[in-house]
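Student: When you get a sec, could you give me coordinates for this:
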Amino acid sequence: MSSGRLTPFSYVVLALIGEGGAGPHDLASMMRRGSIYWAAAESQWYGEPKRLEQLGYLRSEKRPGRTGPRTHYLLTPTGRAALQAWLAEASSLPRIQNEAIVRVLAGDLGDDSALAASLEGMRGDIARARANLDAAEAALETLPHRERYLRLIHRYGRSLLDMHEQWLDEAERELR
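Tutor: Predicted coordinates:
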């Protein structure tokens with residue numbers, strides 16, 4: 001049985017639902033584009049809104065979809081208050097799960113050339129993340145109430161990708 005507490009992921013869901021609401025499919029789609037910021041199994045994007053509704057943070061309604069009615073979630077006053085209280089709390093350093101760092105950590109157990117080649121896989125991920133940011137920026141006009149904030153987030157994302165690329169260049173030079 002799930003707990004009644006709000007987790008960091010709960011706040012991600014509440015924030016994405018925001019003013020206009022969203023369905024689980026919308027949440028999963030938004031986070032595929034924003035996966036450099038938060039990664040979770042797609043099933044979580046469908047399950048967490050249901051849990052938050054049971055706890056009173058969201059309410060749902062049925063709206064027309066392409067093939068049938070779709071669930072659309074909206075913040076309740078309780079959900080809005082929880083999100084506003086959370087916004088005032090101090091932010092912490094981001095949690096990072098970086099497979100490349102662990103590979104380099106274990107580098108003394110393998111071959112530097114093979115390790116450098118394995119890191120090359122990050123370049124495709126970086127390119128896809130840049131394309132996702134481009135697509136997200138192209139959609140800014142559809143979210144005028146969030147445009148200012150999204151631009152700030154996208155600048156962070158681009159800086160993060162630049163940093164990854166710079167580190168990757170350095171690591172590859174060192175290992176080759």
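Student: CA only for contacts and neighbour counts going forward, please
Tutor: Fine.
Student: Please parse the chain into its domains.
Tutor: In terms of domains, the chain is parsed into 8-87, 99-175 (source: automatic domain parsing).
Student: JSON lines for those, including distance to Leu93 and mean neighbour count?
Tutor: Listed next are the domains of the chain as JSON lines, based on distance: least, CA to CA, whole Å; neighbours: other CA atoms under 10 Å:
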{"stretch": "domain 8-87", "distance to Leu93": "13", "mean neighbour count": "16"}
{"stretch": "domain 99-175", "distance to Leu93": "14", "mean neighbour count": "14"}
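Student: Mean pLDDT added to those, as TSV?
Tutor: Converted to TSV, these look like this (pLDDT from 0 to 100):
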stretch	mean pLDDT
domain 8-87	91
domain 99-175	94
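Student: need the strands for the chain, in chain order.
Tutor: Under the criterion DSSP state E, the chain contains strands at 58-64, 69-75.
Student: For Arg5, give me phi and psi.
Tutor: Note on Arg5: backbone dihedrals following degrees, to the nearest 10 are phi -80, psi 160.
Student: how many other residues sit next to it?
Tutor: Arg5 has 8 neighbouring residues, counting by other CA atoms under 10 Å.
Student: Could you measure from it over to Leu55?
Tutor: 9 Å (CA to CA, to the nearest Å).
Student: ok so, going back, in a markdown table: the strands of the chain, plus distance to Gly124.
Tutor: Shown next, in a markdown table, are these (distance: least, CA to CA, whole Å):
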| stretch | distance to Gly124 |
| --- | --- |
| strand 58-64 | 37 |
| strand 69-75 | 34 |
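Student: Which one, of these, ends up nearest to Ser118?
Tutor: Of all those, it is strand 69-75 that lies closest to Ser118, at 41.3 Å by CA to CA.
Student: what separates that closest one from the chain centre, distance-wise?
Tutor: Per CA atoms, centre = their mean, to the nearest Å, the displacement of strand 69-75 from the mean C-alpha position of its chain is 20 Å.
Student: Identify the residues contacting Leu52.
Tutor: By CA atoms under 8 Å, 6 or more residues apart in numbering, the contact list for Leu52 reads 10, 58.
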